[in-house]
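In: Give me a model of this one.
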Amino acid sequence: MKTPIEALSSFKNIILKKYGENPGTMLVHTGAIGWVLSSLAQITALMFNPEIKPEQKMFLVPQEIGDAIVNIISFYTLTHGVKCIGSKLTSTGKIKTAKLGELLKRDGHILEKGQEKVVGKKYVGDWDFDITKLPNYKTELLSEYKPFNNGAEVIAGLTGSIISGNLVTPVIRNYYASKRQKDMIVRYNNYKNNHPIKEPSISQKNITFDNFTKNASAYPYSGSLRI
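Out: Take a look at the predicted model:
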């Protein structure tokens, strides 16, 4: 069995191996995990809140779960999508460093002014052009391209998360929550109408001698019996 230090070291190695060269992907995944944990905390707090009646929880908990699903899906979809767009812009060479541009131009992937394209050949900026598929990618282009691509993915991911968290997700969540709230109110009112709260009978009430004396003292005695 591994010691805590060994287990932590193994975990760090796994994270480094999976995300070391893909910080943009790590940003998306950690953000989504943050949304999941936050939603679980809210749902748990709602379920164990003693001030909320059980019949109210029957409707509030499913609504909170629905809101959480909307939040997580919209965040992940938009953030991951924007990150992929950033990665695509760098892999096709639409955005690149000056040095990377010089290397691509030297190999004939960037046209000189007035030069015409060769039929069948792919050039920088074409949608199906991929720097990582070039023959000299690992020998000459990797060291320049990889850090730039990682930086572009991180910036794109951050931009996507900001847009998602502050613009798109709140709008979608509020629209969804508004519709769900109206539906829940109708269902809750129907539930209350079909399950009226019955007043306990005298035999069911908690009658003690102290309660009896307190209640009796509140009313003036008007009978003729004397002790």
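In: host element of the most centrally placed residue in the chain?
Out: For the chain, Ile72 is the residue whose C-alpha lies nearest the centre (Cα atoms, centre = their mean; 3.1 Å). Ile72 belongs to helix 54-91 when assigned by DSSP states H and E.
In: Could you pull out the helices in the protein for me?
Out: In the chain, the segments counted as helices under DSSP state H are 4-19, 23-47, 54-91, 98-106, 142-163, 169-194, 209-216.
In: hmm, who's touching the fourth one?
Out: Going back to what we said before, that points to helix 98-106. 93, 96, 110, 124, 131, 140-141, 144-145, 148 (Cβ atoms under 8 Å, 6 or more residues apart in numbering). Every residue, glycine included, has its C-beta placed from N, CA and C.
In: any chance of the residues you listed in a markdown table, with distance to Lys18 too?
Out: Formatted as a markdown table, the contacts of helix 98-106 follow (distance: Cβ to Cβ, whole Å):
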| residue | distance to Lys18 |
| --- | --- |
| Gly93 | 27 |
| Lys96 | 27 |
| Ile110 | 34 |
| Val124 | 30 |
| Ile131 | 23 |
| Glu140 | 27 |
| Leu141 | 24 |
| Glu144 | 24 |
| Tyr145 | 20 |
| Phe148 | 21 |
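In: Make a PyMOL selection of the buried ones in those residues.
Out: To isolate the buried members of these in PyMOL, using 16 or more other Cβ atoms under 10 Å:
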select buried, resi 93+96+110+124+131+141+144+145
